[in-house]
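Trainee: Predicted model follows, preceded by the sequence.
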Protein chains: 2
Amino acid sequence: MFITRRKNLFLLPDCFLIYKNKKYMKLRIGIIGAGPSGLAQLRAFKSAEKNGEEIPEIVCFEKQADWGGLWNYTWRTGVGKYGEPIHGSMYKYLWSNGPKECLEFADYPFDEHFDRPISSYPPRSVLFDYIQGRVKKSDVRKYIRFNTTARWVEYSEETQKFTVILDDLVNNRTYTEIFDYLVIATGHFSTPNMPYFEGIENFPGTIMHAHDFRGADQFKDKNVLLIGSSYSAEDIGVQSYKHGAKSVTLSYRSNPIGMDWPKGIKEVPLLTNFEGDIAHFSDGSQESFDAVVMCTGYQHKFPFLPDEMRLKTPNCLYPNNLYKGVIFNEFPRLIYLGMQDQYYTFNMFDAQAWFARDLIQGKIPMPSKEERLEDIEKWLKRSTANQTHDDEVDFQTDYVKELIDLTDYPEFNLDAVAKLFKQWLKDKDEDILRYRDKTYRSVITGTKAEKHHTAWLDEMDDSYERFLAETPELEKA
Amino acid sequence: MFITRRKNLFLLPDCFLIYKNKKYMKLRIGIIGAGPSGLAQLRAFKSAEKNGEEIPEIVCFEKQADWGGLWNYTWRTGVGKYGEPIHGSMYKYLWSNGPKECLEFADYPFDEHFDRPISSYPPRSVLFDYIQGRVKKSDVRKYIRFNTTARWVEYSEETQKFTVILDDLVNNRTYTEIFDYLVIATGHFSTPNMPYFEGIENFPGTIMHAHDFRGADQFKDKNVLLIGSSYSAEDIGVQSYKHGAKSVTLSYRSNPIGMDWPKGIKEVPLLTNFEGDIAHFSDGSQESFDAVVMCTGYQHKFPFLPDEMRLKTPNCLYPNNLYKGVIFNEFPRLIYLGMQDQYYTFNMFDAQAWFARDLIQGKIPMPSKEERLEDIEKWLKRSTANQTHDDEVDFQTDYVKELIDLTDYPEFNLDAVAKLFKQWLKDKDEDILRYRDKTYRSVITGTKAEKHHTAWLDEMDDSYERFLAETPELEKA
């Protein structure tokens, strides 16, 4: 649609120039969210600029006071300082649950940031530092308006522009901006799914969603029930064990996680109801608990979008209606980043952002709606064939490969990353308490990760300083 | 503005008819929120209808799945089933902290609902039942669209109409409605104020705002720190004491609550910072805690309104810019109900709703902007003279009186209610643990409240059934 329209106007040397009222105007790009996806989009444009391309006018809006999205830890739960729902779902003592070699930026390797090898599973603060290193280097902070949330978006077919109503939270002031493209980079691990269980309203202890979990120390000597069987349940379970919970019980709906759990962690089938502090399960067993954490997943939620622009999808590897996983088919100037369920993370967001950039820049032609639909259906059909985690890894590897092939994002050996993912799945299955002590080799630089100075299970300090310190000195301290 | 414009068109017999495209059209009234204020507005119109008036077309939008606002208890915290910020701030075992005789509806006395005298301080479920009795009787549920939240509002000076974008949460569908008047009845005890204290990010125990407090049983045998010195701190403190907290510490900023606290509750000055689980206070004292509850108040928050329509006010007895405490002076078709700090509650909302109704119905003329401003300033000036709680009671009594005098809301002896408030303040000061055992006489019906079968401090069951049951049978059980 965009390409056609441009041709009808003028053949301009730079795709981002449009002719209006006898003035050449730069395209305007709005990005909502300055987490890993939004920052990838900013970085993608800066990379093009560095290569001599002229880039559009860009504004990025971030609800939080700082960048980093989920990686920007907050002690707050519920709503933030200005009454907006809290974005962050991370907790104290969170360590990466996948090897850093699987998420390495191809254009900013770990070696460049840390100047020496580090271990494969760093804590949150260390990964956050890494994310920040790249964006600080490329000077993109100036594009971001912090403490600003999008309230409402309208699209005009006539002008092909988006009107976005923003709320400047600090000044309690709303205002409007107009954009040619809108990039939705708000993530989808912020709005909890929290099902009702009969009797839960009378449970006397703590009830929370994993989204509001801020650290396992509050569960010391407690009997904790975790509902769910995905990453949150697995990690909060192991965290609670590590930090001294009296017992950890995981309740699954369909299938148990099935790890070789240590004494103190067990799995039980579906919770049916509560009676006071007693939980009943579908196998007839029952037990009393001090706390319940619902690890029941997240919703894709876009309250600022009219429903015809909303991505409506469960958490899956290929959300429907997104061409190449990013272009909303009904409104191809509406771009969604990082909305897939994820094996790949940072480098997949990069691949998506580079692809979106080149579509906007006109370097990749936008196919017709029908062609886009055909491509979407091809991927959707393939995704139905995924049976195992290994299939899913291969599926997402091929998806990321396709995007990278289309742009100048630095090539790297994605088959090697896929192998790492499969090894990681095995390592986790073999020893859920010790898989974070494993090390891998970087696909980008060939550097072998260093063994961390302390075994993960014994490491109670997740600070950046402690992680990067030399072992012996600290051990003595 | 409205009156003038009507005169310029036609002199119509009924103020709610306007002439457009040669058709007579009913005015359309949008109400946002079906809590006590929104329900009062619905009830006000139904009362006019019963008296033979024709009433406008009304639609009320309620975010929650049921009516009652704050009184509709939820076990959820943070965000609700559909990811919207939770409205409710009530908890298990919440009993009215003021005598029911101070909030009695003049047009629906407690006697009519319960058919026999009940005690003066009922639990939440009993008061909720009472609120519902009146609205069930007047058949207003049909006006309410539940699970529906307002996303954005625009006002057109040209048409003098509000365009409201609604989000049907169950169906994930947005749509637009046009209204001549918009009534904001969303309350202001839902969006927490939560200040930062140095070191709080490393506090190992539970941290929550009073908004997320759902019952004191989780604090059994715990050392609890409550930050604040208003109603929430007072009541959550006493609740925690009653339900077995090991110790309760209240930290005040300016002045202590100053009650004669029992052993186990104490007041300390301002919290300065945390070191691990240790809180430091401005008098140099320090103590370790298991949990922190911030009783630090609420923000007025209207994310769906452009800022020129937003009421921007702290919690006070007379928010600026509201004529008669309800009409937003800049946009007099924008009505705010219940935005004051409150001694009076249900019956004040009624007085406001009846007044707003009669302005809309044209039975009360709308003064000019300047006249409204003058009236606002008169009240603001008077409010600055308030020194004591008794002054505040008198101030709000006079405010409610003035509204009631202007409408056909049933007259009742407001001076007698003011006396009750002052007595209540004394009773609370005298014995914070036992003031709820006192009984008062209804100003509406003259009925003396019955002494409750169990002293509040011994009553651990706050259910409707238990409250209304005859004593001896239950005591035996």
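Mentor: Thanks, I have it.
Trainee: all contacts plus neighbour counts: C-alpha atoms, from now on.
Mentor: Fine.
Trainee: State the distance from the residue nearest in space to the middle of chain A to A:D408.
Mentor: Nearest to the mean C-alpha position of chain A, counting by CA atoms, centre = their mean, stands A:G187 at 5.7 Å. Using CA to CA, to the nearest Å, A:G187 is found at 25 Å from A:D408.
Trainee: So A:P36 is in contact with A:F346, correct?
Mentor: Yes - using CA atoms under 8 Å, A:P36 is in contact with A:F346, at 6.4 Å.
Trainee: dump the residue contacts of the closest residue to chain B within chain A.
Mentor: Closest to chain B within chain A is A:G78: 3.7 Å, counting by CA to the nearest CA. Each residue near A:G78 by CA atoms under 8 Å, 6 or more residues apart in numbering or on different chains is listed here: A:85-86, A:212, B:77-79, B:85, B:212.
Trainee: Just give me the closest of the residues you listed to B:W354.
Mentor: Closest to B:W354 out of the contacts of A:G78 is B:P85 (29.7 Å), distances taken as CA to CA.
Trainee: State the number of residues packed around that closest one.
Mentor: 20 (other CA atoms under 10 Å in any protein chain shown).
Trainee: Return the backbone torsion pair for it.
Mentor: Phi and psi for B:P85, reported as degrees, to the nearest 10, are phi -50, psi 140.
Trainee: Please report the distance of the closest residue to the residue of chain A closest to chain B other than its chain neighbours from B:A65.
Mentor: Spatial nearest neighbour of A:G78, excluding adjacent residues (CA to CA, 6 or more residues apart in numbering or on different chains): B:G78 at 3.7 Å. Computed as CA to CA, the B:G78 to B:A65 distance reads 16 Å.
Trainee: Enumerate the residues of the stretch 101-250 of chain A near chain B.
Mentor: When proximity is defined as CA under 8 Å from any CA of the partner chain, the stretch 101-250 of chain A approaches chain B at A:151-152, A:172-174, A:191-195, A:200-201, A:204-206, A:208, A:212, A:215, A:217-218.
Trainee: so of those, which ones are in helices?
Mentor: Judged by DSSP state H, helices contain none of those.
Trainee: Surely A:S37 is within a helix?
Mentor: Yes - A:S37: assigned to a helix according to DSSP: H, G, I helix; E, B strand; the rest coil.
Trainee: Look at it and report its pLDDT.
Mentor: On pLDDT, A:S37 comes in at 98.
Trainee: ok, now which ones touch it?
Mentor: A:185, A:187, A:337-338, A:346, A:349-350, A:353.
Trainee: Spit out the contact partners of the closest residue to A:H87 other than its chain neighbours.
Mentor: Among residues not flanking A:H87 along the chain, A:S190 sits closest, at 5.1 Å (CA to CA, 6+ apart). Applying CA under 8 Å, 6+ apart, we find A:S190 in contact with A:86-89, A:211, A:298-299.
Trainee: Restricted to buried residues, select those residues in PyMOL.
Mentor: Selection of buried members from the contacts of A:S190 for PyMOL, criterion 16 or more other CA atoms under 10 Å in any protein chain shown:
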select buried, chain A and resi 86+87+88+89+211+298+299
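Trainee: which stretches of the stretch 51-200 of chain A aren't confidently modelled?
Mentor: Within the stretch 51-200 of chain A, no stretch falls below the threshold (pLDDT under 70).
Trainee: Helices along that one, start to end?
Mentor: Remark: helices assigned in the stretch 51-200 of chain A by DSSP state H, counting those that start in this stretch are A:110-114, A:124-137.
Trainee: closest to B:E57 out of those helices?
Mentor: Of all those, it is helix A:124-137 that lies closest to B:E57, at 53.8 Å by CA to CA.
Trainee: Show me what that closest one is packed up against.
Mentor: Identification of packing neighbours for helix A:124-137 by 3 or more CA pairs under 8 Å, 6 or more residues apart in numbering or on different chains; DSSP states H and E yields helix A:36-50, helix A:110-114, helix A:464-468.
Trainee: among these, which is nearest B:E465?
Mentor: Per CA to CA, nearest to B:E465 of the helices and strands packed on helix A:124-137: helix A:36-50, 52.9 Å.
Trainee: centre of the chain versus the closest one, how much separation?
Mentor: 17 Å (CA atoms, centre = their mean, to the nearest Å).
Trainee: Just the buried residues of that helix, please?
Mentor: Neighbour-count burial for helix A:36-50 flags A:36-48 (criterion: 16+ other CA under 10 Å).
Trainee: For those, name the two members farthest from one another.
Mentor: Among the buried residues of helix A:36-50, A:P36 and A:A48 lie farthest apart (CA to CA), at 18.3 Å.
Trainee: Which residue, other than its chain neighbours, is closest to A:T447?
Mentor: Nearest non-adjacent residue to A:T447 (CA to CA, 6+ apart): A:R441, at 5.5 Å.
Trainee: Surely A:E104 touches A:M348?
Mentor: No - assessed by CA under 8 Å, A:E104 is found out of contact with A:M348, at 9.9 Å.
Trainee: Please say which of the two ends up with more neighbours.
Mentor: Neighbours of A:E104 and A:M348, each counted by other CA under 10 Å, are more numerous for A:M348; the result is 27 against 23.
Trainee: Need the three-state assignment for the more buried one.
Mentor: helix.
Trainee: can you pull the pLDDT of the residue nearest to it when sequence neighbours are not counted?
Mentor: In space, A:M348 comes closest to A:V400 once its chain neighbours are excluded; the distance is 6.0 Å by CA to CA, 6+ apart. pLDDT, A:V400: 98.
Trainee: Return the set of buried residues in the host helix or strand of A:V400.
Mentor: Here A:V400 sits within helix A:389-406, counting by DSSP states H and E. Buried residues in helix A:389-406, counted by 16+ other CA under 10 Å: A:392-397, A:399-401, A:403-404.
Trainee: coming back round to it: how about the helices of the stretch 51-200 of chain A in a markdown table, adding mean neighbour count and distance to B:P269?
Mentor: Listed next are those as a markdown table, based on neighbours: other CA atoms under 10 Å in any protein chain shown; distance: least, CA to CA, whole Å:
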| stretch | mean neighbour count | distance to B:P269 |
| --- | --- | --- |
| helix A:110-114 | 17 | 45 |
| helix A:124-137 | 18 | 34 |
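Trainee: Output the ones you listed as JSON lines; include the columns distance to B:D437.
Mentor: Formatted as JSON lines, the helices of the stretch 51-200 of chain A follow (distance: least, CA to CA, whole Å):
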{"stretch": "helix A:110-114", "distance to B:D437": "66"}
{"stretch": "helix A:124-137", "distance to B:D437": "53"}
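Trainee: Share the number of residues neighbouring the residue nearest to A:K438 when sequence neighbours are not counted, please.
Mentor: The shortest distance from A:K438 to any non-neighbouring residue, by CA to CA, 6+ apart, is to A:S120 (6.9 Å). For A:S120, the neighbour count with other CA under 10 Å is 25.
Trainee: unless I'm mixing things up, A:S120 is touching A:T447, no?
Mentor: No - using CA under 8 Å, A:S120 makes no contact with A:T447, being 11.0 Å away.
Trainee: ok so A:K422 is a strand residue?
Mentor: No - counting by three-state DSSP, A:K422 falls outside a strand, being helix.
Trainee: which residues does it contact?
Mentor: By CA under 8 Å, 6+ apart, the residues touching A:K422 are A:390, A:393.
Trainee: That one and A:D391: what is the separation?
Mentor: Note on A:K422: its distance to A:D391, by CA to CA, is 10 Å.
Trainee: Run a quick neighbour tally on A:T148.
Mentor: By the criterion of other CA under 10 Å, A:T148 has 24 neighbours.
Trainee: can you check A:E53 too?
Mentor: By the criterion of other CA under 10 Å, A:E53 has 13 neighbours.
Trainee: That one and A:K363, how far apart?
Mentor: A:E53 sits at a distance of 11 Å from A:K363 (criterion: CA to CA).
Trainee: Same question for A:M309.
Mentor: Using CA to CA, A:M309 is found at 25 Å from A:K363.
Trainee: of the two, who's got more company?
Mentor: A:M309 (17 against 14).
Trainee: pLDDT of stretch A:350-363, averaged?
Mentor: pLDDT averaged over stretch A:350-363 gives 98.
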